[in-house]
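Undergrad: Okay, structure incoming, though there's no sequence with it:
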């Protein structure tokens, strides 16, 4: 399915710890849009949908809807901290191309 690096797991764990409601996990999905055709969408959610794949990384649950699963297969999600910017990055072997922001692919 997909992989979260230890840095990404820690970033999600920190976000969950700061959330006002206790989320059940992180939803990662792919939607049409962005400058390259598809865009990554992430957010903390209370529960998985019945049709979601649930991938666990230690105490972190990641929910992926059926339509996004083939587009995210083999993807590694990392969290990088740099002088220019910090955030999640996606190394997606299914992406034929991507935009310079790294948040969309085609």
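TA: Yes, it's here. Small disclaimer: the values here were computed from a predicted structure and weren't measured.

Undergrad: And the strands in the chain, which stretches?
TA: 2-4, 25-33, 37-45, 53-57, 60-64, 75-81, 86-91, 104-105 (DSSP state E).

Undergrad: For residue 10, which of those strands is the nearest?
TA: strand 75-81 (7.2 Å; C-beta to C-beta). C-betas here are computed from N, CA, C, even on glycine.

Undergrad: Could you dump the strands of the chain into JSON lines with mean neighbour count and mean pLDDT added?
TA: JSON lines is the format used below for the strands of the chain (neighbours: other C-beta atoms under 10 Å; pLDDT from 0 to 100):
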{"stretch": "strand 2-4", "mean neighbour count": "19", "mean pLDDT": "96"}
{"stretch": "strand 25-33", "mean neighbour count": "18", "mean pLDDT": "92"}
{"stretch": "strand 37-45", "mean neighbour count": "16", "mean pLDDT": "91"}
{"stretch": "strand 53-57", "mean neighbour count": "15", "mean pLDDT": "97"}
{"stretch": "strand 60-64", "mean neighbour count": "21", "mean pLDDT": "98"}
{"stretch": "strand 75-81", "mean neighbour count": "17", "mean pLDDT": "94"}
{"stretch": "strand 86-91", "mean neighbour count": "16", "mean pLDDT": "90"}
{"stretch": "strand 104-105", "mean neighbour count": "22", "mean pLDDT": "58"}
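
Undergrad: so can I have CSV of those showing distance to residue 14?
TA: Conversion of the strands of the chain to CSV gives the following (distance: least, C-beta to C-beta, whole Å):
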stretch, distance to residue 14
strand 2-4, 13
strand 25-33, 12
strand 37-45, 11
strand 53-57, 14
strand 60-64, 11
strand 75-81, 9
strand 86-91, 12
strand 104-105, 25
